[in-house]
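Visitor: give me the fold of what follows.
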Amino acid sequence: MSAPPAVVLLSGGLDSSTCLALAARDGFEVSALSFRYGQRHTSELDAAARIAAGAGVARHVLIDIDLGSVGGSALTDDTIEVPKGRDAAAMSADIPVTYVPARNTVFLSFALAWAEVLGSSDLFIGVNALDYSGYPDCRPEFIAAYETMANLATRAGVEGRRLTIHTPLLELTKAEIIALGTGLGIDYSETISCYEADDAGLACGECDACVLRRKGFADAGITDPTRYRGGA
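Guide: Below is the predicted model:
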């Protein structure tokens, strides 16, 4: 019996790379989907390509969308400063400027379309509701609502092929995610989480993503393999 196809959203970061490894572990034939959406740096896309190739995915597609033309986020507008040096309490106090308006809604829409073409009933996304930076589209309520919509809005859903959005990292801490991925053999030095990584993929070490990532490795008791600028 052939492996069932699944579409995995792959940014090149720690969480999405772990999600991809979990989909493969669970017996799916993985198709990875990445986006050039107007983000400040594209070194994460180089990481996504390396990770997809190393994982031996069935196919890896990169889609261009210009969310930068919409603006409203520090990740797509270089006139908005990326917050640095914040603690976890400050990160969760409000929705941060690094939130990209409707990004996961847009990404899942493309994944949903591709899943229909591939005959897939399974989408994977590495959202996390515990160690997250206040993003509304990483919450379980959003995923549940989107899955309901997906089954109403697609030919597959109408014809009885139920679509499922898998969120295996949803209720895990960053430390638990790292421990899980390490056990699966993921080389996290290949992943890029930083909001301001340079062209070489070196992380700033100070943005929210870097702070959460550092803390995750420390809490997991695993050496942080991230390449930071200046060796920080």
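
Visitor: from now on I want contacts and neighbour counts done on CA atoms only, so please keep to that.
Guide: Noted.

Visitor: buried stuff in the strand ranked longest in the chain?
Guide: Determined from DSSP state E, the single longest strand within the chain is strand 29-36. Using 16 or more other C-alpha atoms under 10 Å as the test for burial, strand 29-36 gives Glu29, Val30, Ser31, Ala32, Leu33, Ser34, Phe35, Arg36.

Visitor: from memory the third one sits against Pro4, does it?
Guide: No - look at Ser31 against Pro4 with C-alpha atoms under 8 Å: they stay out of range, at 10.8 Å.

Visitor: how much space between the nearest residue to Glu196 once chain neighbours are set aside and Ile178?
Guide: In this structure, Glu196 finds its nearest non-sequential neighbour in Cys204, 6.2 Å apart by C-alpha to C-alpha, 6 or more residues apart in numbering. From Cys204 across to Ile178, the span is 20 Å (C-alpha to C-alpha, to the nearest Å).

Visitor: more crowded one of these two?
Guide: Neighbours per residue (other C-alpha atoms under 10 Å) separate Cys204 from Ile178, with Ile178 holding more: 25 against 22.

Visitor: same question for the longest helix along the chain, mean pLDDT?
Guide: Counting by DSSP state H, the longest helix found in the chain is helix 103-118. If you average the pLDDT over helix 103-118, you get 97.

Visitor: go on, stretch 5-18?
Guide: Stretch 5-18 comes out with an average pLDDT of 97.

Visitor: got it, and stretch 79-97?
Guide: Stretch 79-97 shows a mean pLDDT of 85.

Visitor: which residues are in contact with that stretch?
Guide: By C-alpha atoms under 8 Å, 6 or more residues apart in numbering, the residues outside stretch 79-97 that reach it are 72-75, 98, 132-136, 195-196, 206-208, 211-212.

Visitor: okay, now the closest residue to Asp77 other than its chain neighbours: neighbour count?
Guide: Spatial nearest neighbour of Asp77, chain neighbours left out: Gly71 (6.0 Å); criterion: C-alpha to C-alpha, 6+ apart. By other C-alpha under 10 Å, 16 other residues sit near Gly71.

Visitor: quick check: Gly71 vs Pro96, distance?
Guide: 14 Å.

Visitor: one more: Leu20?
Guide: To Pro96, Leu20 is 26 Å away according to C-alpha to C-alpha.

Visitor: who's more crowded, the two?
Guide: Neighbours per residue, other C-alpha under 10 Å: of Leu20 and Pro96, the larger number sits with Leu20, 28 against 18.

Visitor: secondary structure element for the nearest residue to that one once chain neighbours are set aside?
Guide: Nearest non-adjacent residue to Leu20, counting by C-alpha to C-alpha, 6+ apart: Val8, 6.1 Å away. Here Val8 sits within strand 5-9, counting by DSSP states H and E.

Visitor: could you give the angle of that strand to helix 103-118?
Guide: Counting by axes from the mean of the first three to the mean of the last three C-alpha atoms, to 10 degrees, strand 5-9 lies at 160 degrees to helix 103-118.
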